[in-house]
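*Asks:* got a structure for you, letters missing:
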């Protein structure tokens, strides 16, 4: 009963946003029902569609967690993109430098390289916050730009693949490729690790003493500090954890999908991650489900563009509307 | 005295969300009287007066001023109608002078030159007439709370009000200042003003008011003439039928046995020459020495802002001392942090419950374990045992009478009094060797206050140490074994229970010790 009651505003928000976006699609002269059919069912009609959805789901889930973990402690990490790129660079560096190592060594090395690089990208803003009280929103955003140029340098520098038309590194060593769960269409095993990370984050924040301190810090840092929680350390910890998770997403893109570092691999995962995190209201347990839903929409959107020529941005509008309506339902309930 | 009603509120009703704050309350004020509005916290006294002053909109009922129905939209309206209000928290600009504060927002004749000779004459005349002595050129921030209150009253009088509402005016005044205030009030009513005096302190209304209206839980209980009723009648009206007054501590009259210091060898907590210098290089605590024994309640009296908060935070380890020593059960714990102290037998009820003590976004259960979340039975150091936490929380909700939907309810849904109960439950539910309680009964109704006192006394029975820091002198006298008076970060004196005297404590609270008494007395107005 209470679950139904709690999820009702969400359902209403989703329905309302589809209705609102439907009006636009109709005004543009397209068939609304067919468009929505494509968006909602592409993922489930063919194995290919479903696997595409899962591939999209992995970075979305991780980027959303990179936002919600620091949010649990009351900090805003808007640097998931930069941390993901840093993770990609770290993973690619390992995969290229130690290209000859066997898989049993190279895979962990590549993944660790990504995680550590992402964590470092989160650590610098965290340290600036800890030491000088510099707002983490500002620094994490700015670090995205540094990562842009770094990835540009790496993809056009010594590791450049001269045969490619787009700024790209050479392939990483064969041993660094993530094993495939399914070969055709390809689905890499990173999804297992990603889901384990999500479960781990949920257990950490809801069951452990350390996670409690994170939650308490986010709920009221002053009171948490008065009662013996070292809140500034919690801020650092949460931002570094967030960076590490985003770095893992970067490593998966390199080791699982492209097997090389490509400029532009970050797509618009950052914005989608923020939207997922906000729709989940920072609840780490809800993130995987919302992330999956958004992945379905995203995959459906590209199919819709292909078959019906409706611009893919339409779905972005739907996603933004869901967020708006969810936030609105908060306001309405408070009245 | 002229027997004429100047102001009447009829069947006023006000609902906040689900809570009925005022349920058909009526109130009549006569010209030239001091009318006490008496009730515990949450009785609706302030809400009623805020409606009159235009700060809240009433849901039902009407206001009759001099026989005519009026619609007051805001404080400006109220002042134009001749109603002034002095809030519990003063609304003043601290780096302005007294005069500037008084005339702020009124029309000054020489707007561009700011020559205010006429205004000065008018204010000075008011000061003299009502015995409110303040120097008009003093900067606000240098004044004592008592003087700042005079300014607040002058502000209302300057605007020509003839009805004055005072909301808990004696909070933070020394007993001497209270007496002076009462004298001024008497002069004002003799001059034709009418005064509403909001308070929860029974003795004050009995000593100054002509008529008394008692509110409880948003309802009118009774209105009586002072001379027609005894203290017992008012007590019963304030607390209702349910409370056991005979065994209460709040209304206790008989003398309690004072703590016998000889029976215990060493204090549980000892502060030696503790100094605290804040980040902006201000000395907050100075050469402070204090001992709290097991089985003892030590009260800290003082006007707010004299270092009480700093003392509490130093004892609990929230801030480190600048110099000096802290000894707990014989061990030097000077360098221990609050994390260590809270896990090794300290508990803390902070003064500012919303900012320092509560997690509004977390659940009630999460709130109850704050500070004890690392130790058994709530945690094994790594994982929180939520089953135990929820069971304990459910128990505490019942025992401490916390009004909530359950352990999983979000803290932000709780009212102020219930938030305070959560803080009290958190501190008392663990058997702490040393408790620091800073204004623990703020926002509680009388039965709940009494409950806290019972709990404190049972701590005393169990040979635990309690440091009670309070702005309520009556509370300290009621329950402490010793009272230490703090003034500008220094302990000016420690009194035993047998030596408790309101006026002696009041003198210390305003910084007058026997050594400097003659010279200080001269500088006082």
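*Replies:* Structure received. Note that this is a predicted model, so its numbers are computed, not measured. Residues are numbered from 1 along each chain as shown, chains lettered A, B, ... in the order given.
*Asks:* check contacts around residue 311.
*Replies:* All of this refers to chain A. Contact analysis of residue A:311 by CB atoms under 8 Å, 6 or more residues apart in numbering or on different chains lists residue A:305. (Each C-beta comes from the backbone N, C-alpha and C, glycine too.)
*Asks:* was after chain B, sorry
*Replies:* B:285, B:288, B:300, B:469, B:486.
*Asks:* do the same with residue B:395
*Replies:* If a contact means CB under 8 Å, 6+ apart, then residue B:395 has no contacts.
*Asks:* before we move on, what about the one 10 residues further on?
*Replies:* Remark: with contacts taken as CB under 8 Å, 6+ apart, residue B:405 is in contact with residue B:413.
*Asks:* can you classify it as helix, strand or coil?
*Replies:* Judged by DSSP: H, G, I helix; E, B strand; the rest coil, the three-state class of residue B:405 is coil.
*Asks:* for the residue of the stretch 1-150 of chain A found nearest chain B, grab the count of nearby residues.
*Replies:* Among the residues of the stretch 1-150 of chain A, residue A:74 lies closest to chain B, at 8.9 Å counting by CB to the nearest CB. Other residues near residue A:74 come to 21 when the count uses other CB atoms under 10 Å in any protein chain shown.
*Asks:* quick one: it is in a helix?
*Replies:* No: per three-state DSSP, residue A:74 lies outside any helix segment and is coil.
*Asks:* okay, and the residue nearest to it when sequence neighbours are not counted sits in which element?
*Replies:* In space, residue A:74 comes closest to residue A:218 once its chain neighbours are excluded; the distance is 3.8 Å by CB to CB, 6 or more residues apart in numbering or on different chains. Assigned by DSSP states H and E, residue A:218 belongs to helix A:209-219.
*Asks:* tell me the mean pLDDT for that helix?
*Replies:* Confidence for helix A:209-219, expressed as mean pLDDT, is 95.
*Asks:* try stretch B:273-282
*Replies:* Rounded mean pLDDT across stretch B:273-282 is 90.
*Asks:* chain center to it, what's the gap?
*Replies:* Centroid displacement of stretch B:273-282 relative to its chain, using CA atoms, centre = their mean, to the nearest Å, is 26 Å.
*Asks:* again with stretch A:47-67
*Replies:* 8 Å.
*Asks:* counting neighbours, which of the contacts of residue B:311 comes out on top?
*Replies:* Neighbour counts for the contacts of residue B:311 peak at residue B:285, which has 27 neighbours (criterion: other CB under 10 Å).
*Asks:* in terms of contact, does it touch residue B:273 like I think?
*Replies:* No: between residue B:285 and residue B:273 there is no contact under CB atoms under 8 Å: 10.1 Å.
*Asks:* counting by contacts, list what the helix or strand harbouring residue A:104 packs against.
*Replies:* Element membership for residue A:104 (DSSP H and E) is helix A:103-132. On a contact count with 3 or more CB pairs under 8 Å, 6 or more residues apart in numbering or on different chains; DSSP states H and E, helix A:103-132 meets helix A:80-97, helix A:136-156, helix A:231-252.
*Asks:* neighbours of the residue nearest to residue A:74, how many?
*Replies:* Look at residue A:218: counted by other CB under 10 Å, it has 24 neighbours.
*Asks:* so it touches residue A:72, yeah?
*Replies:* Yes: under the criterion of CB under 8 Å, residue A:218 makes contact with residue A:72 at 5.1 Å.
*Asks:* contacts only, for the nearest residue to residue B:49 once chain neighbours are set aside.
*Replies:* Ranked by CB to CB, 6+ apart and with sequence neighbours excluded, the top spatial neighbour of residue B:49 is residue B:165, at 5.0 Å. By CB under 8 Å, 6+ apart, the contact set of residue B:165 is B:49, B:52, B:53, B:83, B:84, B:85, B:86, B:195, B:196, B:198.
*Asks:* narrow these to just the buried residues.
*Replies:* Neighbour counting by 16 or more other CB atoms under 10 Å in any protein chain shown classes B:49, B:52, B:53, B:83, B:84, B:85, B:86, B:195, B:196, B:198 among the contacts of residue B:165 as buried.
*Asks:* please convert these to TSV, extending it with pLDDT and secondary structure.
*Replies:* Below are those laid out as TSV (pLDDT from 0 to 100; DSSP: H, G, I helix; E, B strand; the rest coil):
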residue	pLDDT	secondary structure
B:49	89	helix
B:52	90	helix
B:53	90	coil
B:83	92	strand
B:84	91	strand
B:85	91	strand
B:86	90	strand
B:195	94	strand
B:196	94	strand
B:198	91	strand
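*Asks:* and which of these is nearest to chain A?
*Replies:* Nearest member of the buried ones among the contacts of residue B:165 to chain A, counting by CB to the nearest CB, is residue B:53, at 25.7 Å.
*Asks:* that closest one and residue B:72, how far apart?
*Replies:* 7 Å (CB to CB, to the nearest Å).
*Asks:* what do the two both touch?
*Replies:* Taking CB under 8 Å, 6+ apart as the criterion, residue B:53 and residue B:72 both touch B:78, B:83.
*Asks:* hmm, back to that, how much space between the residue nearest to residue A:74 and residue B:404?
*Replies:* With distances taken as CB to CB, residue A:218 is found 21 Å from residue B:404.
*Asks:* what about residue A:293, how many residues close to it?
*Replies:* For residue A:293, using other CB under 10 Å, the count is 17.
*Asks:* report all helices and strands that the helix or strand encompassing it contacts.
*Replies:* Taking DSSP H and E as the definition, residue A:293 sits inside helix A:287-308. Using 3+ CB pairs under 8 Å, 6+ apart, the elements in contact with helix A:287-308 are helix A:32-45, helix A:47-72, helix A:190-207, helix A:269-279, helix A:313-334.
*Asks:* with distance to chain B and mean neighbour count added, can I get those helices in CSV?
*Replies:* Converted to CSV, those look like this (distance: least, CB to the nearest CB, whole Å; neighbours: other CB atoms under 10 Å in any protein chain shown):
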stretch, distance to chain B, mean neighbour count
helix A:32-45, 33, 17
helix A:47-72, 10, 25
helix A:190-207, 6, 17
helix A:269-279, 15, 24
helix A:313-334, 10, 16
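*Asks:* save those helices as a markdown table, and put in distance to residue B:104 too.
*Replies:* Shown next, in a markdown table, are those (distance: least, CB to CB, whole Å):
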| stretch | distance to residue B:104 |
| --- | --- |
| helix A:32-45 | 61 |
| helix A:47-72 | 43 |
| helix A:190-207 | 50 |
| helix A:269-279 | 44 |
| helix A:313-334 | 35 |
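*Asks:* and the stretch 201-350 of chain B, which of its residues are near chain A?
*Replies:* Contacts of the stretch 201-350 of chain B with chain A, taken as CB under 8 Å from any CB of the partner chain, map to B:313, B:316-318, B:337-343, B:348, B:350.
*Asks:* got the phi and psi for residue B:485?
*Replies:* When read as degrees, to the nearest 10, the backbone of residue B:485 gives phi -100, psi 130.
*Asks:* pretty sure it is touching residue B:303, no?
*Replies:* No: at 9.8 Å, residue B:485 does not count as touching residue B:303 under the criterion of CB under 8 Å.
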